[in-house]
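Q: Quick one, fold the following:
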Amino acid sequence: MYMELRFHGRGGQGAVTAATILARAALLEGKWAQAIPEFGAERRGAPVSVYARISDKPIEVHSNVIEPDIVVVLDYELLKVVDVTKGLKEGGTVILNSPVNKSPIPSKYKVYCVNATRIAKELNLVVSGWPTVNTAMVGALAKATGVIGLESAVKAIEEYFSNPTLGKLNAEAAARSYKELEPCSD
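A: Alright, predicted model coming up:
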């Protein structure tokens, strides 16, 4: 098993944290993993990309992911300004944080939707007025792909946050997103 992933988000949404938590969850399952942030002149709200790899063998590649198997989109509005499917392998998976169960992504991909923004707001996971959807999207990723299990995701999330209350709320966001994820309609 060897999977390459790309996260699309906006600065401040926690895409780097999502990839880091994903990698930790994979490590907890005895897999090899890496999270690779891409930094430039990002600022809060600017489009960002983050990469991850998960394998059952040591990973020797240490570069950006060009042809991902999986794409995770933390902000549906990015579809208007970023080609999130660029390089995505035929039959690849897209996981969208979407307010509706509808996708403009071509049907040659497996596309899943979850309203992670609503989940984050309901749990008061808001920083500087921005819903923090990253942990909810890790839960959605676990369900859509099976690349990590929900139990490992929850444990990695709770380990990541030094504040136990915040860890539990973020773990709940992941569990709710896991439960609510659905295939998107065209």
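Q: Report the secondary structure state of residue 111.
A: strand (DSSP: H, G, I helix; E, B strand; the rest coil).
Q: count of neighbours near it?
A: The number of residues packed near residue 111 is 25, by other CB atoms under 10 Å. C-beta coordinates here come from the backbone N, C-alpha and C atoms, glycine included.
Q: Run a quick check on it versus residue 94, I expect a contact.
A: Yes. Taking contacts as CB atoms under 8 Å, residue 111 lies within contact range of residue 94: 4.7 Å.
Q: Overlap of the contact sets of those two?
A: Taking CB atoms under 8 Å, 6 or more residues apart in numbering as the contact rule, residue 111 and residue 94 both touch 103, 105.
Q: Now do the contacts for residue 98.
A: 76, 113-115, 184.
Q: ok, 10 Å please
A: Neighbouring residues of residue 98 by CB atoms under 10 Å, 6 or more residues apart in numbering: 73, 75-76, 79, 111-117, 184.
Q: May I ask which helix or strand encompasses residue 21?
A: helix 15-28 (DSSP states H and E).
Q: I'd like the average pLDDT over that helix.
A: Average pLDDT, helix 15-28: 96.
Q: so after the longest helix along the chain, what's the next helix or strand?
A: Looking across the chain with DSSP state H, the single longest helix is helix 164-180. Using DSSP H and E, the helix or strand that follows helix 164-180 in sequence is strand 182-183.
Q: Restrict stretch 10-28 to CA atoms and write it as PDB.
A: The C-alpha trace of stretch 10-28 is given here as PDB (Å, rounded to 0.1, in the frame of the first residue of the first chain):
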ATOM      1  CA  ARG A  10      -6.800  28.500   3.100                       C
ATOM      2  CA  GLY A  11      -4.100  29.800   5.400                       C
ATOM      3  CA  GLY A  12      -5.500  29.500   8.900                       C
ATOM      4  CA  GLN A  13      -7.800  26.500   8.300                       C
ATOM      5  CA  GLY A  14      -5.300  24.000   9.600                       C
ATOM      6  CA  ALA A  15      -4.400  22.000   6.500                       C
ATOM      7  CA  VAL A  16      -0.800  21.500   7.900                       C
ATOM      8  CA  THR A  17      -2.300  20.300  11.100                       C
ATOM      9  CA  ALA A  18      -4.600  17.900   9.200                       C
ATOM     10  CA  ALA A  19      -1.700  16.300   7.400                       C
ATOM     11  CA  THR A  20       0.300  16.100  10.600                       C
ATOM     12  CA  ILE A  21      -2.600  14.300  12.400                       C
ATOM     13  CA  LEU A  22      -3.100  12.000   9.400                       C
ATOM     14  CA  ALA A  23       0.600  11.000   9.500                       C
ATOM     15  CA  ARG A  24       0.500  10.400  13.200                       C
ATOM     16  CA  ALA A  25      -2.700   8.300  12.900                       C
ATOM     17  CA  ALA A  26      -0.900   6.200  10.200                       C
ATOM     18  CA  LEU A  27       2.100   5.800  12.500                       C
ATOM     19  CA  LEU A  28      -0.100   4.600  15.300                       C
END
